[in-house]
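*Asks:* Based on what follows, work out the 3D shape:
(one chain, ligands or ions: 3)
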Amino acid sequence: MDNVLDAAGLTNPAVRDYVKYWAELTGAERIEVVSAADDARLIAECLEAGELDPAGDGLYYSRSYHKDTARSEERTVVATSTPTDKGLYNNWRDAAEMTALQKENMRGASAGKTMYVIPYLMAPPGNALAPWATGVELTDCRTVVLHMIRMARVGVEYVNDLADPNQFVRAVHVTGDLENLGQGTPEDSRYFVTVADERTILHYGSSYGGNALLGKIAHGLRQAAYDGWASKKFLAEQYMLIGIHDKETGKDYHICGGFPSASGKTNLAMMLAPDVLGDRYHVSFYGDDIAWLWVDEASGKLYGMNPEYGVFGVAKDTNEGTNPTALHSIDEGSGAIFTNIAYNPTTREVWWEGRTPEPPADNTGWLDWKGNAISERTAERADEPWAHPNSRFTTTLDNVPNIASDYNAAAGVPIDAIIFGGRTRDREPLIRAIHDLAEGVYDGLTLGAEATAAAEGKEGVLRYDPMSNRPFMAYGEGDYAQHYLDVVGAAKDQPIFAHVNWFQRGEDGRFLWPGYRDNLRPLLWLLQLKNGEVKGRETAVGIIPTEDELHLDGVDITPEDLNTILTINVPRWKQEMANREEHLSQFERLPEAIWEAHRRVAANLENEPEG
Ligand code: GTP
Ligand code: SPV
Ligand code: MN
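*Replies:* Ligands and ions are numbered 1, 2, ... in the order given. The predicted structure is shown next:
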């Protein structure tokens, strides 16, 4: 073992001890320390072993086990030794109990396999938060290594010379026997545990996405959120992060914001300016899923950065119209890996729902995401999707055509605005700017997506998703709200907050707002509002744009629909306020400032004429 670690140049003694401990417990036959430079060799090994298939020049295809296609919220736990860390959504459990359980699950479970050691950094090198961004994932799955190389900065150089050799996240991933884990049954034996106060992540029973790429969600969101709170220094949020450059004034703005999973963060971050605005504005990509925010000591300003190194993007509906940038980030030669889309082994083509309006006309050779031939489908299965709805592509940031030139800079970027949004079919206007920080945090806490059949909700009642973090909450929501107020409140220039909604629908179910590239327009309005260049219209729930303040040339929308998305439906809002009250009262230690914001909005609504 020492020979292998020596040969890989892994010198950190604490990391070496950690590797030895888990190699013994999991019973792995071999260990291998990896760095980004091993990518080509590991790709070749995966192709040879059939763990990947070729999908064009420098493109790869993989399939997950069919019961292992997404994160599993009910099996995901945040454990600590402090019972008051329990919140509504973090599935708190006792650290000692969960650690013992996971050790039993993992004992001997990697027998006969290689345990890969992945030292990584979830930050641009040299960033102020780098001490909380260092980790070492151990995994017994080779394709997980390839995903980690795309999603994080990987190499021994990130762990060898730590100021405190012990300050790294211990992230252990053991796949388990996927065919015998009882996924979704009462005998389910999977657990995805973050032991937050020990900075240890123990995931057992999956090889998919956030369950297995532990730098991303488990460290980048759950562990980091806990660390940010414990250190009082930062926030870790499920946010996209973009830059907007105004070529006329030469100014640069940065906006970050949270929408629940599969609600448009990747699309917004990769947005091209609409044609009519393209000569003046350029949107640049910093991140599409995670941002860490802190106050910069030198300037006193709020800063943000994307801790990730790649994109794990939803494939569905990605096409030349909705997101050409995403398509070009997975061009031939990019090294992108597709998971769970449809694949044609003969032609090495791939396809997913929404890539083209209709699936390939000639289905000869095409396999669906489970590997079954489309041409052999029985009549009753003919309508099933070819790709899994949560099928994804994985590609590195520097493949993204609109990547910001300074994405890798240690400093991060100053934050001008923070936006929240969800999928709401009515009530929420296109955009409403929020007056202050407390109302911003209040808005984030009451964020939600419309209840769908899948989410088993009641019609008109939101499935609340506080700060778009419901699946990633690491400690109590009340403490979280206070910490958010403290971190952002300490910044010299306050960011402007807003709530956006691209998903309002007509009675016939169509989207009222064209969305995608046109989403730049309300964001430009928000920046102008912050700069005092427009006034907007005050409403009970925030400031909304007047029609002439939005640059609408070239937007395909009827005057009636425009009016709907720029109007506050007071009776619907009053109904929502009662739901919010119930929702918020479940949070312990919710700061009084949040209740005050709630009462202020409620009182405004009472004073607003209906209609
Ligand atoms: P996670 O990676 O799961 O956290 O999701 P995400 O928030 O990055 O989601 P993504 O950007 O991949 O969006 C997922 C879905 O939202 C896709 O089906 C998109 O087509 C749809 N979508 C994104 N932007 C818009 C929009 O402006 N309007 C409409 N109608 N749909 C949109
Ligand atoms: C999400 O589901 O919000 C994701 C994908 O970003 S995963 O990493 O699998 O959580
Ligand atoms: Mn996400």
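
*Asks:* Residue 449 belongs to a helix?
*Replies:* No. The assignment for residue 449, made by DSSP: H, G, I helix; E, B strand; the rest coil, is strand rather than a helix.

*Asks:* Enumerate every residue touching it.
*Replies:* Each residue near residue 449 by Cβ atoms under 8 Å, 6 or more residues apart in numbering is listed here: 260, 263, 422-424, 455, 462-463, 465. (Each C-beta comes from the backbone N, C-alpha and C, glycine too.)

*Asks:* Repeat that for residue 289.
*Replies:* 216, 238-240, 265-266, 308, 311-312.

*Asks:* for residue 520, same thing?
*Replies:* So residue 520 contacts 244, 271, 273-274, 277, 281, 283 (Cβ under 8 Å, 6+ apart).

*Asks:* what about it, which SS state?
*Replies:* helix.

*Asks:* same check, this time on residue 583
*Replies:* Residue 583 ends up helix, using three-state DSSP.

*Asks:* Could you find the closest non-adjacent residue to it?
*Replies:* Nearest non-adjacent residue to residue 583, counting by Cβ to Cβ, 6 or more residues apart in numbering: residue 464, 5.1 Å away.

*Asks:* what's the burial count for that neighbour?
*Replies:* When neighbours are counted by other Cβ atoms under 10 Å, residue 464 registers 22.

*Asks:* Specify the beta-bridge partners of residue 137.
*Replies:* Beta bridges link residue 137 to residue 118, residue 171, judged by DSSP bridges.

*Asks:* which ones are touching it?
*Replies:* Applying Cβ under 8 Å, 6+ apart, the residues contacting residue 137 are 117-118, 120, 144, 148, 171-173, 214-215.

*Asks:* do the same with residue 426
*Replies:* 504-505, 569, 572.

*Asks:* mind checking how far it is from residue 557?
*Replies:* Note on residue 426: its distance to residue 557, by Cβ to Cβ, to the nearest Å, is 17 Å.

*Asks:* Residue 83 too?
*Replies:* Distance, residue 83 to residue 557, using Cβ to Cβ: 52 Å.

*Asks:* just to revisit the earlier point, dump the contacts of residue 449 into CSV; add distance to residue 378 and secondary structure as well.
*Replies:* Output for the contacts of residue 449, formatted as CSV (distance: Cβ to Cβ, whole Å; DSSP: H, G, I helix; E, B strand; the rest coil):
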residue, distance to residue 378, secondary structure
260, 35, coil
263, 34, coil
422, 38, coil
423, 33, coil
424, 38, coil
455, 30, coil
462, 39, strand
463, 34, strand
465, 38, coil
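
*Asks:* and which of those is nearest to residue 600?
*Replies:* The shortest gap between residue 600 and any of the contacts of residue 449 belongs to residue 462, at 20.3 Å (Cβ to Cβ).

*Asks:* I'd guessed the closest one sits against residue 422; true?
*Replies:* Yes. Between residue 462 and residue 422 a contact is recorded at 7.3 Å, counting by Cβ atoms under 8 Å.

*Asks:* list the residues that contact both of the two?
*Replies:* Joint contacts of residue 462 and residue 422 (Cβ under 8 Å, 6+ apart) are 448-450.

*Asks:* Would you enumerate the residues in contact with residue 323?
*Replies:* Counted by Cβ under 8 Å, 6+ apart, residue 323 has contacts 266-267, 270, 516.

*Asks:* before we move on, back to that, please list which of the contacts of residue 137 also come close to ligand 3.
*Replies:* Among the contacts of residue 137, no residue is within reach of ligand 3 (Cβ under 5 Å from the ion).

*Asks:* Could you dump these into CSV and include pLDDT and neighbour count?
*Replies:* Formatted as CSV, those follow (pLDDT from 0 to 100; neighbours: other Cβ atoms under 10 Å):
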residue, pLDDT, neighbour count
117, 98, 27
118, 99, 26
120, 98, 29
144, 98, 23
148, 98, 28
171, 99, 25
172, 99, 26
173, 98, 31
214, 98, 32
215, 98, 30
